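Enquirer: I'd like to go over a predicted model; first the sequence, then the structure.
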Amino acid sequence: MDLNSCLRLAVELGASDIHLKLGQPPILRRDGDLAAMEDWAVLTEADLESALHLVGAGAPKRLEAFYETGDLDVAYQDDDLPRFRVNAFRQRGAISFAFRAIPSIVPSFSDLNLPPGLQRLGEEHRGLILVTGATGSGKTTTLAAIVDHINRTRRQHIVTVEDPIEILHSDHSCIVNQREIGIDTDDFQQALRRALRQDPDVILIGELRDMETAQTALQAAESGHLVLSTMHTIDAAETLGRMIEFFPGAKQQQVRSIMAGVLRGVVSQRLLPRTSGGRVVAVEVMIMNSRIAELIREDRTDEIAEAIAEGAFFQMQTFTQALIDRVLHGLVDKEVAANAATNRHDFLVALDQAIKRQAHENAVGDEERERLQRDADREGIPELRLAAPGEG
């Protein structure tokens, strides 16, 4: 198998992911669904071993470790191919791969159809911003859009710590130093401790995985840096709970107080099939205000969703509101949105109310346009009067 030809064709076909498995042809994920590539032979052990050495050539230590651990995480790029995030792993003694295509051009907020609250968060200069969601929900792309916005609008130093580096950032107005675990540094903890000595303004951490990385992120945010990171949580309330649970019980109240002071926002997202093909993101946006800070301090995260729903002035929106917007604009099917909702019944009730409200506003708008048209028509008719005696 020619790996580069396979990857090139997959990208041309619009695949987001490519899976390689023994005894199967290459399998693509397009618009969320898997399908085998047509006219490609099933993969042999030799094919997979060859692919392993090709993608691991740039990280020989990781390749060597694969034969001990059975896992390999690297980034791969060759010739005219875009960049790929690669995970190689053993299953039933054989090698399998999952390739994730990474965009070569960093998309903007408008390219991604993201709500205005995202740009508001992109204007922050200090504190902690978290982008969350399941694997494959587009967290990396959203985070890259925030970094790119900063990179083009400020003159600062951005340091990223990633495993592996996915989207590459050129220097625009900022200087950007991207460090990869296993190649540029040994681990997240060491890289983050060193990052604080590298005169950074913005620090991007690929993922908050444990107490050590979470603690270092909070310390960096407390010291006046802007810290960006991701978590595998589905909404703001769960994200806050997970952050607190990283720490032992004796420290949790102190961490709540710190979070209330340094957190600037949580962006939680899910990718949904678009009615016209492709996928579209639905985003919950929580932006810190005094009410949410109080809820965090007092461990009342169950009230966060209500605070977000009432935070339109601060450009916040709940996931339910995001789904309703996508349905009303015809981007997502009603049933697809209902299945993606946190609570299907509550979503359907809210959607029904939104549809009725939209219908009423449209009817009022039609009536107003008709009234204005009648007024304009009357103003355009010259006034008629009877001629006085003696007038020609």
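Expert: Looks like it came in fine. Numbering: from 1, shown residues only.
Enquirer: quick one: low-confidence parts of the stretch 201-350 of the chain?
Expert: Applying pLDDT under 70 to the stretch 201-350 of the chain picks out no residues at all.
Enquirer: for it, what spans make up the strands?
Expert: 202-205, 226-231, 263-273, 279-287 (DSSP state E, counting those that start in this stretch).
Enquirer: quick one: list the elements packing against the first one.
Expert: Spelled out, it's strand 202-205. Packing partners of strand 202-205 (3 or more Cβ pairs under 8 Å, 6 or more residues apart in numbering; DSSP states H and E): helix 139-153, strand 157-162, helix 188-195, helix 211-222, strand 226-231. C-betas here are computed from N, CA, C, even on glycine.
Enquirer: again, but for the last one
Expert: Packing contacts for strand 279-287, counted by 3+ Cβ pairs under 8 Å, 6+ apart, involve helix 116-122, strand 263-273, helix 304-309, helix 319-328.
Enquirer: quick one: closest of the strands of the stretch 201-350 of the chain to Asp2.
Expert: strand 279-287 (28.4 Å; Cβ to Cβ).
Enquirer: CA atoms of the closest one as CSV?
Expert: In CSV, the C-alpha atoms belonging to strand 279-287 read as follows (Å, rounded to 0.1, in the frame of the first residue of the first chain):
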residue,chain,number,x,y,z
ARG,A,279,-20.9,18.9,9.6
VAL,A,280,-21.6,22.0,11.6
VAL,A,281,-20.7,22.8,15.2
ALA,A,282,-23.1,23.6,18.0
VAL,A,283,-21.5,25.5,20.9
GLU,A,284,-22.3,26.3,24.5
VAL,A,285,-20.5,29.5,25.6
MET,A,286,-20.1,30.4,29.3
ILE,A,287,-18.4,33.7,30.0
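Enquirer: from the middle of its chain, how far away would that strand be?
Expert: In terms of Cα atoms, centre = their mean, to the nearest Å, the centre of strand 279-287 is set 8 Å apart from its chain centre.
Enquirer: over to stretch 172-189?
Expert: That offset, for stretch 172-189, works out to 20 Å (Cα atoms, centre = their mean).
Enquirer: and if you look at stretch 158-171?
Expert: Worked out by Cα atoms, centre = their mean, stretch 158-171 lies 16 Å from the chain centre.
Enquirer: so what does the helix ranked longest in the chain touch, helix or strand wise?
Expert: Ranked by residue count under DSSP state H, the longest helix found in the chain is helix 344-380. Under the contact criterion of 3+ Cβ pairs under 8 Å, 6+ apart, helix 344-380 touches helix 319-328, helix 334-340.
Enquirer: quick one on the thing from earlier: okay, the strands of the stretch 201-350 of the chain, which one's buried deepest?
Expert: strand 202-205 (a mean of 26; mean count of other Cβ atoms under 10 Å).
Enquirer: parallel or antiparallel, which strands does that strand pair with?
Expert: Take DSSP bridges as the rule and strand 202-205 pairs in its sheet with strand 157-162 (parallel), strand 226-231 (parallel).
Enquirer: how about the CA coordinates for that strand, as PDB?
Expert: Written as PDB, here are the backbone C-alpha positions of strand 202-205 (Å, rounded to 0.1, in the frame of the first residue of the first chain):
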ATOM      1  CA  VAL A 202      -0.200  33.200  26.200                       C
ATOM      2  CA  ILE A 203       0.300  29.500  27.100                       C
ATOM      3  CA  LEU A 204      -1.600  26.800  25.300                       C
ATOM      4  CA  ILE A 205      -1.800  23.400  27.000                       C
END
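Enquirer: before we move on, back to that, okay if I get the helices and strands packed on helix 344-380 as JSON lines plus mean neighbour count and distance to Ala41?
Expert: JSON lines is the format used below for the helices and strands packed on helix 344-380 (neighbours: other Cβ atoms under 10 Å; distance: least, Cβ to Cβ, whole Å):
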{"stretch": "helix 319-328", "mean neighbour count": "22", "distance to Ala41": "40"}
{"stretch": "helix 334-340", "mean neighbour count": "16", "distance to Ala41": "35"}
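Enquirer: now these as a markdown table including distance to Ile234?
Expert: Putting the helices and strands packed on helix 344-380 into a markdown table (distance: least, Cβ to Cβ, whole Å) gives the following:
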| stretch | distance to Ile234 |
| --- | --- |
| helix 319-328 | 8 |
| helix 334-340 | 10 |
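Enquirer: and Pro26, which of the ones you listed is closest to it?
Expert: That would be helix 334-340 among these, by Cβ to Cβ, at 27.3 Å.
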